[in-house]
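# The following comprises the amino acid sequence and a computationally predicted model.
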Amino acid sequence: MTGRVRAVALGWVGACAIAAACAAPAVRADTGAELPRDRIAVVIGNSDYQTAPDLPNAILDADSMADMLHAFGFRVFSGHDLDRRGFEDLLREVMLNTPDGADLVFYFAGHGIQIGARNYLLPVDVAFNDVHDLPLYSVTLDRVIDALSARGAVHVAIIDACRENPFPGLMVAANIDATLFETRDGFEPFRTPLNSLVAFATAPGETARDGAAGENSPYTAAILNVVQADPAESVTTLLGRVREEVYNATGGTQIPWESSTLVAPFAFSAGEFVIPAVATAEGTGDTGTARSVPVEATVTLPFDRFVRLDGALADAAGG
């Protein structure tokens with residue numbers, strides 16, 4: 001089982017061509033001002049684990065986040081109950097469909113643990129039957145962060161995964177050598193790439209609450225409340241409010257924590273883009289109306305190392 005994935009994919013050639021075309025910031029023809037960047041979100045909720053305790057609220061948390069991000073204009077790639085193959089497939093699909101310079105948000109609700117000096121997100125098929133099974137049944141958080149940050153101008157990761165260690169006392173090999181490490185609760189602090197922020201549901205080495213049945217976890221509930229109340233505020237300011245809300249909601253037992261190298265501003269709402277005024281034949285400055293273009297278009301082009309899409313897409317759009 002690979003889990004359920006909701007996304008719209010482009011082929012390899014199309015994805016590469018679009019990514020190359022979007023490498024430079026898009027600008028308005030009339031003023032030269034930079035247009036809002038593409039906004040991509042990856043949302044994963046793992047609840048139905050095969051060998052670890054289930055997390056009943058993880059999918060609810062993921063769906064709530066996906067709905068909010070979609071409402072703010074993000075193109076959302078989401079997956080439920082992903083095994084390791086499904087996890088890798090979803091990330092690969094996102095990479096093929098993400099133009100350079102995009103704003104990226106990654107959200108994960110599920111089990112996560114630290115082993116040695118690394119943090120691991122656990123797919124639903126995680127099973128440590130042998131000390132060397134770790135690379136086969138887990139995804140390292142730093143690998144996810146590095147991969148997505150390489151394509152994005154700004155990357156924000158939200159990890160609601162610091163539940164109680166489902167494999168307490170287990171010793172596994174994290175590398176190809178024979179050194180064994182104990183699985184531990186929570187997450188280990190680590191350095192993030194430039195212009196990245198990683199937000200954890202709780203402090204390093206601590207555990208986070210899953211919440212009452214049928215409700216969002218305290219951390220995700222606070223994010224939803226705070227962000228939707230003021231979506232144009234900077235993410236760093238909002239996460240401070242989230243920390244206060246979670247602290248109060250849990251009686252001081254859970255304190256969210258972040259690691260940030262952001263030097264560029266990021267807000268969940270990018271604001272509205274107003275079509276510039278267009279001069280009519282009578283010389284008035286009426287507000288222009290965007291030409292209607294198809295939501296989906298099919299174009300036929302010869303296979304080659306480089307494929308130009310501009311002319312074919314313009315024809316498909318009727319102009």
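That came through, no problem.
# Next secondary structure after the helix or strand of the chain with the lowest mean pLDDT?
Here the helix or strand of the chain ranked lowest by mean pLDDT, DSSP states H and E is helix 12-21, holding a mean of 35. Next helix or strand after helix 12-21 toward the C-terminus (DSSP states H and E): strand 39-45.
# neighbouring strands for that following strand, and are they parallel or not?
Paired strands of strand 39-45, with direction, are strand 75-80 (parallel), strand 102-109 (parallel) (DSSP bridges).
# ok, then the element right after it?
Taking DSSP H and E, what comes next after strand 39-45 is helix 58-71.
# which helices and strands sit right next to that next one?
In this structure, helix 58-71 packs against strand 39-45, strand 75-80, strand 102-109, helix 218-229, with contacts taken as 3 or more CB pairs under 8 Å, 6 or more residues apart in numbering; DSSP states H and E. In short, each C-beta sits where N, CA and C put it, glycine included.
# returning to that earlier point: tell me which of the strands paired with strand 39-45 is the most buried.
Using mean count of other CB atoms under 10 Å, the stretch among these with the largest mean neighbour count is strand 102-109, at a mean of 26.
# Extract the C-alpha set from that strand and format it as PDB.
Provided in PDB are the C-alpha atoms of strand 102-109 (Å, rounded to 0.1, in the frame of the first residue of the first chain):
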ATOM      1  CA  ALA A 102       8.600  29.200  -5.500                       C
ATOM      2  CA  ASP A 103       7.400  29.600  -1.900                       C
ATOM      3  CA  LEU A 104       7.100  26.200  -0.400                       C
ATOM      4  CA  VAL A 105       5.300  24.900   2.700                       C
ATOM      5  CA  PHE A 106       5.700  21.400   3.900                       C
ATOM      6  CA  TYR A 107       3.400  20.000   6.600                       C
ATOM      7  CA  PHE A 108       3.600  16.500   8.200                       C
ATOM      8  CA  ALA A 109       1.400  15.000  10.800                       C
END
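# My guess is Tyr120 contacts Ile113. True?
Yes: Tyr120 is within contact range of Ile113, at 5.6 Å (criterion: CB atoms under 8 Å).
# I'd like the helices and strands packed on helix 58-71 laid out as CSV, including distance to Asn248.
Output for the helices and strands packed on helix 58-71, formatted as CSV (distance: least, CB to CB, whole Å):
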stretch, distance to Asn248
strand 39-45, 25
strand 75-80, 30
strand 102-109, 21
helix 218-229, 9
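# Next, format those as a markdown table and append distance to Asn57 and mean pLDDT.
Conversion of the helices and strands packed on helix 58-71 to a markdown table gives the following (distance: least, CB to CB, whole Å; pLDDT from 0 to 100):
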| stretch | distance to Asn57 | mean pLDDT |
| --- | --- | --- |
| strand 39-45 | 9 | 97 |
| strand 75-80 | 13 | 97 |
| strand 102-109 | 8 | 96 |
| helix 218-229 | 8 | 96 |
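# Of all those, which one comes closest to Ser196?
Comparison of the helices and strands packed on helix 58-71 against Ser196 by CB to CB identifies strand 102-109 as nearest, at 9.1 Å.
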